[in-house]
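Engineer: attaching a predicted model along with its sequence, questions to come.
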Amino acid sequence: MANHSPRRRLPVQDAEPQKTALEKPPPESPYPRPPFRRLRAYAFDPLASNQLETLEINQVTLPVLWEENLQPGPIGEYLEVVDFDPADNCFYDPVNLNDSHVLAADGLSPSESNPQFHQQMVYAVAMTTIRHFELALGRKALWAHRRYDTTDSGKDQFVQRLRVYPHALREANAYYSRDKRALLFGYFPASDAAPGRNLPGGVVFTCLSHDIIAHETTHALLDGMHLRFIEPSNPDVLAFHEAFADIVALFQHFTFPDVLRHQIGLTRGDLGKQNLLGQLAQQFGEAIGKRGALRSAIGRFNPEKNEWEPIKPDPTAVLRTSEPHARGAILVAAVFDAFIAIYKRRIADLLRIGTGGTGVLPEGELHPDLVNRLAETAGTTARHILQICIRALDYCPPVDITFGEYLRALITSDVGLVKNDERAYRVSLIEAFRARGIYPPDVRSLAIDSLVWQGVNSFPTQAACMKENGMRQYLATALNSWDWSANRSTLFDESRSLAEYFHSWFTTLRDQVEELKDLEEITGLALGTNAPQTIRRGPDNFPLFKVHAVRPSRQSTPDGDVRTCLVVEITQNRRGYFDPKVQQAADRRALEGNKPADFIFRGGSTLVFDFDDGTPRYFIRKSICSQERLQLQRDFLTQKQTTSLRDSYFGPTSWNDARAEPFAMLHRDM
C-alpha cells in the first residue's frame, strides 16, 4: 500500500496477530474521568475534503465513550483494531489514543496516507454506531456468539471484541465476516476511465468512508441480535440486512451540527433536494465509475439527461426487484420519505414566520437564525427516526423477516413507548411504506391499532396461563437481580441463564397446559408428539425447540417513566424439501431411504414481556407448521433467478472461498 509508514514486515506464518492481553489499568487519577474521548474523523470521506464547497464541514470531532484501559490498536471493550495488510504482508504500527499529544489534539488529523489515522477513524465511527444502538435499545451491545461445537446442545461462547482490519483487502470491497467476527475493509485504485472527482488510478480506502464503516458495524450489531437474518428464506431477508445498515449510516449524517447547517443552507431547508445527507459512500461510488454516490435515498444521476433527479415512489418496484441492495433501497427510501414528511410538518410554522405567511422564501441566503432552527429540527427528527428503527429490532420475528413485518415492528415499538404521537411519526411511516408498495401480511387495514402485534387482548386465556405458571414471580425476581451496569461478559452469562430457565419453563408449561394448541398458537411452535416428523425430536419424541435469545431492555418514555421489558425468542427447525410430495412423505416418516433435506425451514416467535409485572405484551409468531410459509420459501429457493444467490450461501465453505462469507459476496463492488 503506497505511502504508508511506519510498518513492520512479518513472515507469512506470523501474519495472524497474537492476542493482546490488556495491561493493568493506570493509577487512579485525582481528577474526574471524562465521559468522552474526542476523536477527529471524516464526516463523509476524503473526497469531500478535496472540494471547496465541503472542505470546512468534512472534518468532525466525534465524542466517543471514554474507555479507561484503551490499548494501542486501538483495543478496547468492544473493538480490536488489527492493522495487518496481507497484500504487503505487514503490520502497521498501532495508534495510541492515550498518548498525551494525541489526547490534547482530539486525535490525529484526518489523513489519507497515515495508517494510524485510518485506525482511529474505524474505531471512532464504529464506537459511535455502537453507542446509538445502546441508547436506543437500553442495554449493552453484544456480538454474535460462537459455539464450542456445532450441535444444538453446544454451549454459547461469549465474543468480547469485534476485530476490525482497516487494510484487509486489495479490492473494491468491505464486509462483515461472521466467520471471523470481524470487519474487513479494502482499498483499490480509482477507475482510470471514469474516476469522478478522484485521481485516476488513485488509491481509495473504504476504511475512510464514514458511511461504509457505520454500514459494516451495523451488520455486525444486527447479527449479534438476530443470527437468522442472514438466511435467505424470502426476498426481503438479505435486503433487510442491507437496508437497515444503510438506514443507520444515513441518519448518522444528521448528528453533525455543522454539516446539517451547511446542507440546510445549501438546499434552503428542502432536504428532498440533492444533498450529501441523503447519499451514501460518495467517493466509493465515483471511484468505481458510478456518476455519484454508491446509493442515495432521494435521487440518482440520470445518464440520459446528464443530471440528478429525485426518485419518485413506485409501489410496483418492490414486486420486480430482487437484488438485495436494490430491494433494500426501497425500504431505505420509505424510511427517508417518512423522515422528510415529519420534518416538513415540524418546520411549517418556522417557514410561515420566515415568509410572512406566504410560504415562499425570499431570494438569497437564509437568515442564520432560521438555518439554525431548521437544522435543530432536522437533527431531532432524524435522531427520533433512528431510535425508532433500532428499537423495532426487538419487535421483529426471530426468522424470515419481511419488510411489512418490520413496519409492524416500527409501529408496535413506538406505541409501547410513546402514548401520544403528536408529531404523526407513525402515520408518516405507514404512508411512506404504502407509497412504496410495502404491506404487512395478515392485517385487516393499515390503521395503527391493526398493525400493532397481537398481545394479551388477542390471547387472554393463553396469556393468563403463562402468568399463572410462575412467570410474574420469576420476572420480578430476575429484574431485581439483573445488574444493568455489569460487564458485558456477565450480562452474556446472565442472558444465557435466563434462556435456560425459559426453556425449562416452557417445557414444564407444555406438560401442564390442558390444550397444547393454545400454547402452540402463541409461540408458533409444534410441541406435541403428533407434530410433523421433519421437526427435530428429542429422546422423549417431543419436538425440540431452542430459546434463541433473551434480551432485557430499559427505556425512558417522553413522560419520564422507565419502561422495562424482556424479549424472548424461541425457534424450531424443520427439514424442508423442494418436492411437496417428498415433504409430505417425510412429515409422515414415510420417506424411503435417508434423503437429506434440501433446505432448513424455521419457525418460532418473539415474545415480549413486561419485566415489571410479568404480563406477556406481544406475541410475534412465524408458525413452523405453516404450509403457506413453507411453500413460499420453497418457491423462493427454486426460482431460477436466485440460483447464484443460493450458491453463495449454500455452496462450499472453505476458509478462502468467498462463498463462505455472504456479505463478501453481497458487497463486492457494492
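Structural biologist: Perfect, thanks for sending it. This one's a predicted model, so the numbers in the text were calculated from it and none came from an experiment.

Engineer: which helices and strands does the longest strand along the chain pack with?
Structural biologist: Of all segments of type strand in the chain, defined using DSSP state E, the longest is strand 562-576. Applying 3 or more CB pairs under 8 Å, 6 or more residues apart in numbering; DSSP states H and E, one finds that strand 562-576 contacts helix 403-417, helix 472-481, helix 488-512, strand 546-556, strand 599-610, helix 627-638. (Each C-beta comes from the backbone N, C-alpha and C, glycine too.)

Engineer: sort out which residues of the helix or strand just after it are buried, please.
Structural biologist: Next in sequence after strand 562-576, counting helices and strands by DSSP states H and E, comes helix 580-587. By neighbour count on 16 or more other CB atoms under 10 Å, the buried set for helix 580-587 is Gln583, Ala585, Ala586, Asp587.

Engineer: contact partners of helix 580-587?
Structural biologist: Helix 580-587 is contacted by residues Pro532, Gln533, Thr534, Arg575, Gly576, Tyr577, Leu591, Glu592, Lys595, Leu630, Gln631, Arg634 when judged by CB atoms under 8 Å, 6 or more residues apart in numbering.

Engineer: lowest-confidence one in those?
Structural biologist: pLDDT across those is at its lowest for Glu592, which sits at 71.

Engineer: for that residue, give its distance to Ile600.
Structural biologist: 22 Å (CB to CB, to the nearest Å).

Engineer: quick one: average confidence on the helix or strand hosting Arg383?
Structural biologist: Using DSSP H and E, Arg383 sits in helix 368-391. The average pLDDT within helix 368-391 is 94.

Engineer: where are the low-confidence patches of the stretch 551-670 of the chain?
Structural biologist: Within the stretch 551-670 of the chain, the ranges that satisfy pLDDT under 70 run 593, 612-614, 640-663, 665-670.

Engineer: let's go with 90 and repeat that
Structural biologist: The model of the stretch 551-670 of the chain has pLDDT under 90 over residues 551-566, 589-595, 609-617, 619, 639-670.

Engineer: show me how far the longest strand of the chain is from its chain's centre.
Structural biologist: 18 Å (CA atoms, centre = their mean, to the nearest Å).

Engineer: relative to helix 403-417, how tilted is that strand?
Structural biologist: Put simply, strand 562-576 runs at 160 degrees to helix 403-417, going by axes from the mean of the first three to the mean of the last three CA atoms, to 10 degrees.

Engineer: any buried residues in strand 562-576, and which?
Structural biologist: By neighbour count on 16+ other CB under 10 Å, the buried set for strand 562-576 is 563-576.

Engineer: for stretch 127-141, same thing?
Structural biologist: Going by neighbour count (16+ other CB under 10 Å), the buried part of stretch 127-141 is 127-133, 136-141.

Engineer: which one's more surrounded, Glu592 and Ile600?
Structural biologist: Taking other CB atoms under 10 Å, Glu592 and Ile600 do not tie; Ile600 has more neighbours (15 against 6).

Engineer: quick one: contacts for the nearest residue to the more buried one once chain neighbours are set aside?
Structural biologist: Excluding the flanking residues, the one nearest Ile600 by CB to CB, 6 or more residues apart in numbering is Asn573, at 5.8 Å. For Asn573, the contacting residues are Ile535, Arg536, Leu544, Ile600, Phe601, Arg602, by CB under 8 Å, 6+ apart.

Engineer: could you do Pro200 as well?
Structural biologist: Shown in contact with Pro200 (CB under 8 Å, 6+ apart): Ala190, Ser191, Asp192.

Engineer: need the residues you listed in JSON lines (columns: secondary structure, distance to Leu429 and pLDDT).
Structural biologist: As requested, the contacts of Pro200 are arranged in JSON lines below (DSSP: H, G, I helix; E, B strand; the rest coil; distance: CB to CB, whole Å; pLDDT from 0 to 100):
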{"residue": "Ala190", "secondary structure": "coil", "distance to Leu429": "38", "pLDDT": "87"}
{"residue": "Ser191", "secondary structure": "coil", "distance to Leu429": "38", "pLDDT": "84"}
{"residue": "Asp192", "secondary structure": "coil", "distance to Leu429": "44", "pLDDT": "84"}
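
Engineer: how is this protein divided into domains?
Structural biologist: If you go by automatic domain parsing, the domain ranges for the chain are 7-13+47-225, 257-450, 460-626, 639-670.

Engineer: quick one, which of these is nearest to Pro34?
Structural biologist: Taking CB to CB, domain 7-13+47-225 is the member of those nearest to Pro34, at 5.3 Å.

Engineer: next one: the closest one to chain centre, how far?
Structural biologist: Relative to the centre of its chain, domain 7-13+47-225 is centred 16 Å away, using CA atoms, centre = their mean.

Engineer: stretch 228-243 too?
Structural biologist: The answer for stretch 228-243 is 11 Å, by CA atoms, centre = their mean.

Engineer: ditto for stretch 510-527
Structural biologist: 32 Å.

Engineer: export the buried residues of strand 562-576 to a markdown table and tack on distance to Ile401?
Structural biologist: Compiled in a markdown table, the buried residues of strand 562-576 are given as follows (distance: CB to CB, whole Å):
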| residue | distance to Ile401 |
| --- | --- |
| Arg563 | 24 |
| Thr564 | 25 |
| Cys565 | 20 |
| Leu566 | 21 |
| Val567 | 15 |
| Val568 | 17 |
| Glu569 | 12 |
| Ile570 | 16 |
| Thr571 | 13 |
| Gln572 | 17 |
| Asn573 | 17 |
| Arg574 | 18 |
| Arg575 | 22 |
| Gly576 | 18 |
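
Engineer: which one of the residues you listed is nearest to Pro368?
Structural biologist: Arg563 (39.0 Å).

Engineer: in the sheet, who's paired with that closest one?
Structural biologist: Going by DSSP bridges, Arg563 is paired in beta bridges with Gln555.

Engineer: for it, give me its contacts.
Structural biologist: Gly416, Leu417, Arg554, Gln555, Ser556, Thr557.

Engineer: again, 7 Å this time
Structural biologist: Arg563 makes contact with Leu417, Gln555, Thr557, according to CB atoms under 7 Å, 6 or more residues apart in numbering.

Engineer: same deal with Glu77?
Structural biologist: So Glu77 contacts Glu67, Arg488 (CB under 7 Å, 6+ apart).

Engineer: is it in a helix, a strand, or coil?
Structural biologist: What DSSP: H, G, I helix; E, B strand; the rest coil gives for Glu77 is coil.

Engineer: and it, how far from Arg161?
Structural biologist: Glu77 is 8 Å from Arg161, by CB to CB.

Engineer: and what of Arg146?
Structural biologist: Taking CB to CB, one finds Arg146 at 12 Å from Arg161.

Engineer: so which of these two has more stuff around it?
Structural biologist: Just comparing Arg146 and Arg161: by other CB under 10 Å the higher neighbour count belongs to Arg161, 20 against 12.

Engineer: my guess is the more buried one meets Pro74, correct?
Structural biologist: No. Arg161 lies out of contact with Pro74 (CB atoms under 7 Å); the separation is 10.7 Å.

Engineer: are any of the contacts of helix 580-587 buried, and which?
Structural biologist: By neighbour count, with 16+ other CB under 10 Å, the contacts of helix 580-587 hold Pro532, Gln533, Thr534, Arg575, Gly576, Tyr577, Leu591, Leu630, Arg634 as buried.

Engineer: just the closest of these to Asn302, please.
Structural biologist: For the buried ones among the contacts of helix 580-587, the nearest to Asn302 is Arg634 (39.2 Å; CB to CB).

Engineer: if we can go back for a sec, closest to Ala348 out of the buried residues of helix 580-587?
Structural biologist: Of the buried residues of helix 580-587, the one sitting nearest to Ala348 (CB to CB) turns out to be Gln583, at 56.0 Å.

Engineer: identify the residues contacting the one helix or strand Leu39 maps to?
Structural biologist: Assigned by DSSP H and E, Leu39 falls within strand 36-42. For strand 36-42, the external contacting residues (CB under 7 Å, 6+ apart) are 49, 58-66, 97, 106-110, 120-121, 124-125, 208, 210.

Engineer: among those, the buried ones, what's the PyMOL command?
Structural biologist: Here is the PyMOL selection string for the buried members of the contacts of strand 36-42, based on 16+ other CB under 10 Å:
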select buried, resi 49+58+60+62+63+64+97+107+108+110+120+121+124+125+208+210
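
Engineer: many thanks, we can stop here.
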